[in-house]
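S.K.: have a look at this fold, sequence not included:
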């Protein structure tokens, strides 16, 4: 029995070798069937695809480089906006301070105004522009509504108050404006008034 198993296994190995040899012959036959002209066409196609891929990658890198140059300072610009906010808060605080005499208030306010204007000028030179908000329609791409204010004189959805100024950097939103939006006053029924 053991001899029969050995013979069967040897026959299987021989069959496997023959099948492998036949497949190797077929592979070489298919390789030989390609003519030089077909090989040239295939290589030209690969070369064209490689050049196209390189060109696409070059364009992508160029675009990324331009965006990094144009918008690379966004984090710095966002942080610098805090300076403007603090200057605005200082103006309000000084105006509300009862301990200061009018002459001192005026001098301090003049200095703060100079610093504020210089900062805004620097921002404009670097294409950082304030978002126009007051009396504009609410634009969710530029404004963030923080509250609704009842107002008969304005159309609903019109910005009537600016809580914090928003800014754009080269057409890209740097910080949205925090605003108050008008809404129609609620009408009360006569029955509710009587109660």
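M.R.: Nice, I can see it. Please read all numbers here as calculations on a predicted model, not as lab measurements.

S.K.: okay, now the domains of the chain?
M.R.: Following automatic domain parsing, one gets these domains for the chain: 2-69, 72-126, 128-185.

S.K.: just those domains: most buried one?
M.R.: Greatest average neighbour count among the domains of the chain goes to domain 128-185 (a mean of 16), per mean count of other C-beta atoms under 10 Å. C-beta: built from backbone N, CA, C; applies to glycine.

S.K.: now do that domain: distance from first to last residue.
M.R.: 37 Å (C-alpha to C-alpha, to the nearest Å).

S.K.: same question for stretch 69-79.
M.R.: Span of stretch 69-79 from end to end, C-alpha to C-alpha: 18 Å.

S.K.: and stretch 153-167, by the same measure?
M.R.: Terminal-residue distance, stretch 153-167 (C-alpha to C-alpha): 28 Å.

S.K.: residues contacting it, please?
M.R.: Stretch 153-167 has contacts (C-beta atoms under 8 Å, 6 or more residues apart in numbering) with 77, 81, 84-85, 88, 123, 128-131, 133-138, 142-143, 146-147, 149, 151, 173-184.

S.K.: just those: which are in strands?
M.R.: 128-130, 143, 146-147, 149, 173-175, 177-183 (DSSP state E).
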